[in-house]
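J.: Structure for the following, please:
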Amino acid sequence: MLTAIQEELLPEVVMPSCPVRRVLKGQKVLVTGANSGIGKGIALELGKAGADVVINFRAGEEAAQQVADEIIASGSRAYIHNADVSQESQIVAMFDRMMKEFGTIDILVNNAGLQKDAAFEDMTLDQWNTVIGVNLTGQFLCAREAVREFKRRGVVKEVSCSAGKIICVSSVHEVIPWAGHVNYAASKGGVMLMMKSIAQEVAPYRIRVNSISPGAIRTPINTSAWSTPEAYASLMKLVPYKRIGEPEDIGRTAVWLASDDADYITGTSIYVDGGMTLYPGFEAGG
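T.: Predicted coordinates:
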């Protein structure tokens, strides 16, 4: 049975209206996997905050262009770029184009990710390699290119007090084991320590590297987990706050984390999960 709160929230969570602060005005941003879901939510919020945004996508050109059009309508610049983040040559080409179009990069959001689920004993090497290639190697390749540009350019005080910012989109499953999703959980655990290790190495150059680790977010990748009252009620057993997250929840966090308001934060995972990492199974005493 759904509680009254769950019944009210099931169709759609209406996000509170917040005044737009263009705290990222003029900054140049690349968001990978930005044509739908969390990536789309992040790209739109960054655009509203004044950033010019490159919309990376692997499939779904029309959807990617719609995101770019919405950002342009908000007063920022945007264009789309098709690239597979697991392929080094395509990443180099994407960054080369960004240098020509926007002149530099100030913020990288490493968001592109996918799932190829299977019971562990049935998981193929291709399923393993595909997930690790996109979710972990893709973040490495993009972060490497961004750091090279950040270090080359250095701090531009009129733009930001940081030389550059990287936001890795991870998951609560960087710390919560997930049976049946070993490749995914391993990739996100890898993202966590990759992020922290890069942050430690590049901090002296005034480069900040952090992660946003979402919990249950209303996106196309997990429609089966929230699209029916029964599925939603089951999901809420894992979320103490008793509502599903929205892409805007992640987007607004990304804006703040990329802004100078968060300048003293680096090497940190921010869990945007409604309390999923609070071990809700113990809320009644275990």
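J.: could you say which helix or strand contains V29?
T.: Assigned by DSSP states H and E, V29 belongs to strand 28-31.
J.: Now the element after that strand, going C-ward?
T.: helix 37-48.
J.: Off-centre distance for that next one?
T.: 9 Å (CA atoms, centre = their mean, to the nearest Å).
J.: can you give me the strands in the stretch 51-200 of the chain?
T.: Assigned strands in the stretch 51-200 of the chain, in chain order: 52-57, 78-82, 107-110, 164-169 (criterion: DSSP state E, counting those that start in this stretch).
J.: looking at those strands, which is buried most?
T.: strand 107-110 (a mean of 29; mean count of other CB atoms under 10 Å). Where C-beta positions appear, they are placed from N, C-alpha and C, glycine not excepted.
J.: Let's test this: mean pLDDT of the strand holding V29, rounded?
T.: Summarised as a single mean, pLDDT over strand 28-31 is 98.
J.: Okay, helices next: where are they in the stretch 1-150 of the chain?
T.: 4-9, 37-48, 61-73, 88-102, 125-132, 138-153 (DSSP state H, counting those that start in this stretch).
J.: Now do the buried residues in the longest one.
T.: Neighbour-count burial for helix 138-153 flags G138, Q139, F140, L141, C142, A143, E145, A146, V147, E149, F150 (criterion: 16 or more other CB atoms under 10 Å).
J.: go on, stretch 193-200?
T.: M194, M195, K196, I198, A199.
J.: In helices, which of the residues you listed fall?
T.: M194, M195, K196, I198, A199 (DSSP state H).
J.: How about the contacts made by the nearest residue to I91 once chain neighbours are set aside?
T.: Nearest residue to I91, sequence neighbours excluded (CB to CB, 6 or more residues apart in numbering): L141, at 4.5 Å. Taking CB atoms under 8 Å, 6 or more residues apart in numbering, we find L141 in contact with V85, S86, E88, I91.
J.: returning to that earlier point: just name the most buried of the helices of the stretch 1-150 of the chain.
T.: helix 37-48 (a mean of 26).
J.: Can you show me the CA trace of it as PDB?
T.: Extracted in PDB, the C-alpha atoms of helix 37-48 (Å, rounded to 0.1, in the frame of the first residue of the first chain):
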ATOM      1  CA  GLY A  37      18.000  11.900 -17.900                       C
ATOM      2  CA  ILE A  38      20.500  13.200 -15.400                       C
ATOM      3  CA  GLY A  39      22.800  14.600 -18.000                       C
ATOM      4  CA  LYS A  40      20.000  16.600 -19.600                       C
ATOM      5  CA  GLY A  41      19.000  17.900 -16.200                       C
ATOM      6  CA  ILE A  42      22.500  19.000 -15.400                       C
ATOM      7  CA  ALA A  43      23.000  20.600 -18.800                       C
ATOM      8  CA  LEU A  44      19.800  22.600 -18.600                       C
ATOM      9  CA  GLU A  45      20.600  23.900 -15.100                       C
ATOM     10  CA  LEU A  46      24.100  24.900 -16.100                       C
ATOM     11  CA  GLY A  47      22.700  26.800 -19.100                       C
ATOM     12  CA  LYS A  48      20.300  28.600 -16.900                       C
END
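J.: Which residues does it contact?
T.: Contacts of helix 37-48 (CB under 8 Å, 6+ apart): 20, 22, 24, 29, 31-34, 53, 55, 63, 67, 70-71, 74, 76, 78, 107, 109, 111-112, 169, 214, 217, 219-221, 246-252, 254-255, 258.
J.: Many thanks, we can stop here.
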